[in-house]
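let me see the structure of the following:
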Amino acid sequence: MSKMDMNEQIEKYFIGKLTSAQKNELLEWTIDDSDAKNEFSGILNSLAFAASTGSGDDVQKARPYQRNFRKLKNRKMARDFFIGLSKYAAILVVGMCIAWWILQKLQVEEKPAVSYQKLTVPAGQRAMLTLADGTTVWINSKSTLEYPGVFTDGKREVKLTGEAYFDVAPNPAQAFIVKSGKFSTQATGTQFNVFAYNGFFIVSLVEGQVKVYETNTARNAIVLSPNEQAAWTNERLVKKSLPDTNDFLWKEGIYSFDDMTFPAIVEKLELYYDVQIHINNKELMMHKYTGKFRQRDGIESVLKVIQMDYPFVYRKSEDGRNIYIQ
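Residues are numbered from 1 along each chain as shown. Prediction:
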């Protein structure tokens, strides 16, 4: 090994740049080579003396090695600093990621509820509405439909009080749900009528298939096929046959009564026209009637037509909210 190589290896030894194998090789070489041994010892003494006194020729001799040593030491310190900084940066980044994840989660959890629009139809009128998904809804008088401007969260859900006829746009991946009080009617694409006034609840299926159930428990759900009804009777849902699809002519502005008792007709008239009808004629209670009436003609038109078959007299209160039949 040349002296230049020897000095380079000795310098690397003191500044920690040699591997364990290289250190062992250097030490074995200094033992065998007296010049190398003397050079090694001289540098060691110079560094030791310079460290203890800080002056003299030995300082000058040791200074190149000290400079290199400090340079490498500073590099090591810088490296250690940046390694430490990287650790803290990594911790900071992880913390920021966790904070971002928590913030996103909170934003999702605290996302405002879906904003519903409300359409209320006055007594004696009706309305037709097309929802965002293409579903068409006819809304009967004295009824309210609540619906979102846009359907989100993988479902199509509306709320109904009163009566409405639904022609649901097909979408098997996104069920359409009508909530009426404590009941739900679920479909994917079909036509059905929901009657949900004042404690009454009847779902009538015209096309397709629907599932009807109490919202809080689907255990007693009823699945309807065309021309079937689900009605809330004696505190339970009951399936039965659909008597007459003419009942749904109301969406065309026609009220149809097919072999219906007078008290049943009166119940519908009270609902549709927001009046109270008081019957003081017991004979009328036993009669049945079949006929069709235009909604816009009003309740008095209906009563006058029925009078032709079953004579009776009636009078209205001053505010028009009550009708008395004799």
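
am I right that R296 is in a strand?
No. Under DSSP: H, G, I helix; E, B strand; the rest coil, R296 sits outside any strand and is assigned helix.

give me the number of residues near the spatially closest residue to it that is not a sequence neighbour?
Closest residue to R296 apart from its sequence neighbours, by CB to CB, 6 or more residues apart in numbering: G253 at 6.4 Å. To be clear about C-beta, it is placed using only N, CA and C from the backbone, and glycine gets the same treatment. G253 is flanked by 14 other residues according to other CB atoms under 10 Å.

for G253, give me its contacts.
Contacts for G253 (CB atoms under 8 Å, 6 or more residues apart in numbering) come out as 126, 294-296.

and those residues, which of them are buried?
Neighbour counting by 16 or more other CB atoms under 10 Å classes 126, 295 among the contacts of G253 as buried.

which member of the contacts of G253 is positioned nearest E235?
E235 lies nearest to R126 out of the contacts of G253, by CB to CB, at 31.2 Å.

state the distance from that closest one to G162.
11 Å (CB to CB, to the nearest Å).

so for the two, which residues contact both of them?
139-141.

pull up the pairing partners for the helix or strand hosting K118, direction included.
Per DSSP states H and E, K118 falls inside strand 116-121. For strand 116-121, the paired strands and their directions (DSSP bridges) are strand 143-148 (antiparallel).

what's the following helix or strand after the partner strand?
Past strand 143-148, the next helix or strand by DSSP H and E is strand 156-167.

what does that next one contact?
Contacts for strand 156-167 (CB under 8 Å, 6+ apart): 116, 121, 131, 133, 135-148, 151, 171, 174-181, 187, 190-197, 248, 250-251.

and the next element down the chain from it?
With secondary structure assigned by DSSP H and E, strand 156-167 is succeeded by strand 176-180.

mean confidence score for the next helix-or-strand element following that following strand?
The helix or strand immediately downstream of strand 176-180 is strand 183-187, counting by DSSP H and E. Strand 183-187 shows a mean pLDDT of 95.

strand 183-187 vs strand 176-180, what angle?
Interaxial angle, strand 183-187 versus strand 176-180 (axes from the mean of the first three to the mean of the last three CA atoms, to 10 degrees): 160 degrees.

which residues touch strand 183-187?
Contacts for strand 183-187 (CB under 8 Å, 6+ apart): 166, 168, 175-178, 192, 194, 196, 201, 203, 208-215, 232, 237.
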